[in-house]
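Trainee: Got a predicted structure plus its sequence, pasted below:
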Amino acid sequence: MPVRPAPVFAPMTLRALLLAVLAMGAVVLGSNVLVQYPINDWLTWGAFSYPVAFLVSNLINRRFGPAAARRVAGAGFALAVVLSVW
């Protein structure tokens with residue numbers, strides 16, 4: 001079985017990092033707000049926004065690699081926590 005070459009990821013620019021962190025922060029912040037509004041006894045609107053966070057991290061992972069995706073997820077969640085507390 002032939003060995004596949006390692007994937008080559010695009011370098012992450014500061015602009016791309018800021019856009020990705022803002023996108024992740026907006027999704028998490030929106031989810032934190034939407035979780036306050038129930039649909040029924042066991043489901044809230046926040047459940048529908050969390051898949052978007054997965055989409056953002058998956059797209060960053062595919063374009064810029066796992067290290068950049070971890071950075072974006074950490075910074076995005078930290079931004080959302082700060083904005084949620086504020």
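Mentor: Now that the structure is in, tell me what you want to look at. Residues are numbered from 1 along each chain as shown.

Trainee: so where's the chain uncertain?
Mentor: Scanning the chain for pLDDT under 70 picks out no residues.

Trainee: And the helices in it?
Mentor: With DSSP state H as the definition, the chain shows helices at residue ranges 14-34, 46-64, 66-85.

Trainee: Please state the offset of the shortest one from the chain centre?
Mentor: For helix 46-64, the separation from the chain centroid amounts to 5 Å (computed by Cα atoms, centre = their mean, to the nearest Å).

Trainee: next one: the first one
Mentor: Counting by Cα atoms, centre = their mean, helix 14-34 is centred 6 Å from the centre of its parent chain.

Trainee: what's in contact with that helix?
Mentor: Outside of helix 14-34, the residues within contact range by Cβ atoms under 8 Å, 6 or more residues apart in numbering are 44-46, 48-50, 52-53, 56-57, 60, 64, 68, 71-73, 75-77, 79-80, 83-84. C-beta here means a position set from N, CA and C on the backbone, and glycine is covered the same way.

Trainee: Buried only: go through the residues you listed for me.
Mentor: Judged by neighbour count, with 16 or more other Cβ atoms under 10 Å as the criterion, the buried members of the contacts of helix 14-34 are 46, 49, 52-53, 56-57, 60, 64, 68, 71-73, 75-77, 79-80.

Trainee: returning to what we had before: quick one: closest of the helices of the chain to residue 7.
Mentor: Of all the helices of the chain, it is helix 46-64 that lies closest to residue 7, at 8.9 Å by Cβ to Cβ.

Trainee: the inter-axis angle of the closest one versus helix 14-34?
Mentor: 170 degrees (axes from the mean of the first three to the mean of the last three Cα atoms, to 10 degrees).

Trainee: and the angle for helix 46-64 with helix 66-85?
Mentor: Interaxial angle of helix 46-64 relative to helix 66-85 (the same axes, to 10 degrees): 150 degrees.

Trainee: any residues touching helix 46-64, and which ones?
Mentor: Residues contacting helix 46-64 (Cβ under 8 Å, 6+ apart): 9-12, 16, 20, 23-24, 27-28, 30-37, 68-69, 72-73, 76.
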